[in-house]
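S.K.: Sharing a model that was predicted from the sequence below.
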Amino acid sequence: MFLNKIPRFLDYVGNLFNKRMLFWFPAILICSFFISGLCTSRGPDEKASSLKNDLTEVIQGGISDNNWWHANSLDEVRIILSRYYTGILLDQLSQDCWVFIQQPTDWYCQDSLTDIEIIRQDKSQAEVIALLKDYNLLTGESRAGDAKYVLIKTEQGWRICSARYNWPQESEGELSR
């Protein structure tokens, strides 16, 4: 008896779907896609936070990645530094680092990034003020400074194309690249 009612029930549901739901089903489907898109899209605060994280990662890497010290060629230095820098600045830093590697010198400072503030940004360029700390490994002294970075968006991600450093306790004043 119950089995006889199943086909009739399925016919009723099919007719209901074909007639009444022909309009409502696509409308509900479209609304659900729209609502799920709103729930999963990032708001302005999240986008700004993501941008700040991306820029911080590049600047921090440019400051603290010392793998170039162990490079065996100018090209190897350039490859390492290209993770963080681009353009003329990359060319200049690669050359300067390669000259440094070839000299019998020691390096007793460790730099770190304290914080950044994005002062201007669009889709392809950002200007950032970074607070830096320079720690002398021999004396234990540290000093604070800041830098103004200009970063551009490349195919590989954000890269530093300009840097201007200011260490207030330095007699020469500002250093820029």
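M.R.: Everything's here; your move. Numbering: from 1, shown residues only.
S.K.: What are the buried residues along the host helix or strand of Ala130?
M.R.: When elements are defined using DSSP states H and E, Ala130 is found to belong to strand 125-136. Buried positions in strand 125-136, judged by neighbour count with 16 or more other CB atoms under 10 Å: 126, 128, 130, 132, 134. Placement of C-beta: from N, CA and C, glycine included.
S.K.: Isn't the second one up against Leu113?
M.R.: No - counting by CB atoms under 8 Å, no contact exists between Val128 and Leu113, whose distance comes to 10.3 Å.
S.K.: which neighbours do these two share?
M.R.: Ile59 (CB atoms under 8 Å, 6 or more residues apart in numbering).
S.K.: Next, Thr56: secondary structure please.
M.R.: Using DSSP: H, G, I helix; E, B strand; the rest coil, the structure places Thr56 in helix.
S.K.: ok, it - how many residues close by?
M.R.: Each residue near Thr56 was counted by other CB atoms under 10 Å, and the total is 17.
S.K.: Pull the contacting residues for it.
M.R.: For Thr56, counting by CB under 8 Å, 6+ apart, the contacting residues are 113, 116.
S.K.: Could you measure from it over to Tyr149?
M.R.: 11 Å (CB to CB, to the nearest Å).
S.K.: elements contacting the strand holding Ala130?
M.R.: If contacts are counted by 3 or more CB pairs under 8 Å, 6 or more residues apart in numbering; DSSP states H and E, strand 125-136 sits against helix 44-64, strand 109-121, strand 142-154.
S.K.: by how many degrees do that strand and strand 109-121 diverge?
M.R.: Regarding strand 125-136 and strand 109-121, their directions subtend 160 degrees when assessed with axes from the mean of the first three to the mean of the last three CA atoms, to 10 degrees.
S.K.: Would you give the sheet partners of strand 125-136, along with the direction of each?
M.R.: Listed by DSSP bridges, the sheet partners of strand 125-136 and their directions read strand 109-121 (antiparallel), strand 142-154 (antiparallel).
S.K.: Buried by neighbour count: which residues of the helix or strand just after the last one qualify?
M.R.: Spelled out, it's strand 142-154. Of the helices and strands lying after strand 142-154 in sequence (DSSP H and E), the nearest is strand 157-166. Of the residues in strand 157-166, those with enough neighbours to count as buried (16+ other CB under 10 Å) are 158-163, 165.
S.K.: Where does the record place the domain boundaries for the chain?
M.R.: Here the domain parsing of the chain from automatic domain parsing is 2-40, 45-176.
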